[in-house]
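Trainee: Show me the folded form of this:
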Amino acid sequence: MALCCVVPPFDARQGFGFDKPAESPCHHLCADHRCGIHDALIPRGFEGCVAFDCLGAGQRLTALATERFGSADWRARPEVARWLFEVYPRLRQTQEWLARLSLAALLTKDVSLQALATELEADAQRWPDWTAAEQTGWQGRVQAALAPLAENRRSRS
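Mentor: The predicted structure follows:
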């Protein structure tokens, strides 16, 4: 559904070709939810699109919307759009936590980081039902787990 082309804002200074407000489709997004300039993103000034990675949040959210609403078509169904636009940033953040924990566990061979990543992945299966407190709680746990690595890196610099 190309949620990355709709939900987040674009900033031309960050390689997105033009400024775009959040929750507004890129004007290159076609009716079939495909990018009309995909083969020419870099020459057209959209390096940010090439570099951006939702880490699976868009695909996961599209599947969840289809389960919940029978469709993920945000253009045809305002209630789907509201839900997708509200939860995409939070799910994107959760996917980023998973990626960071998994990478840190791989690089450090730290089993506690892998265990936390596994726990987050399991808990993320019920992610749409998380409360704000649960989201904040996971943020704190991930930050606390990764903080020693960042501190170690800074002390070696």
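Trainee: now the strands for the protein?
Mentor: Assigned by DSSP state E, the chain shows no strands.
Trainee: Show me the residue sitting in the middle of it in space.
Mentor: With distances taken as CA atoms, centre = their mean, the residue of the chain nearest its centroid is residue 92 (2.2 Å).
Trainee: residue contacts, that one?
Mentor: Residues in contact with residue 92 (CB atoms under 8 Å, 6 or more residues apart in numbering) are 54, 55, 57. For glycine as for every other residue, the C-beta is placed from the backbone atoms N, C-alpha and C.
Trainee: Okay, now the unreliable bits of this protein?
Mentor: Where the chain drops to pLDDT under 70, the residues are 153, 157.
Trainee: Could you tell me which residues make contact with the spatially closest residue to residue 91 that is not a sequence neighbour?
Mentor: In this structure, residue 91 finds its nearest non-sequential neighbour in residue 57, 4.6 Å apart by CB to CB, 6 or more residues apart in numbering. Applying CB under 8 Å, 6+ apart, one finds that residue 57 lies in contact with 3, 88, 91, 92, 94, 95.
Trainee: Just give me the closest of those to residue 145.
Mentor: Nearest to residue 145 out of the contacts of residue 57 is residue 94 (CB to CB; 14.5 Å).
Trainee: give the contact list for that closest one.
Mentor: 57, 120, 124, 127, 135, 138.
Trainee: Skip the chain neighbours and tell me the closest residue to residue 121.
Mentor: residue 98 is the one closest to residue 121 (CB to CB, 6+ apart), at 6.0 Å.
Trainee: Was I right to think the one you found contacts residue 119?
Mentor: No. Counting by CB atoms under 8 Å, residue 98 does not reach residue 119; the two are 10.5 Å apart.
Trainee: So which residues of this structure form helices?
Mentor: For the chain, the helices defined by DSSP state H cover 47-51, 57-69, 78-108, 111-123, 132-156.
Trainee: Turn those helices into TSV, including distance to residue 38.
Mentor: TSV is the format used below for these (distance: least, CB to CB, whole Å):
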stretch	distance to residue 38
helix 47-51	8
helix 57-69	15
helix 78-108	20
helix 111-123	30
helix 132-156	32
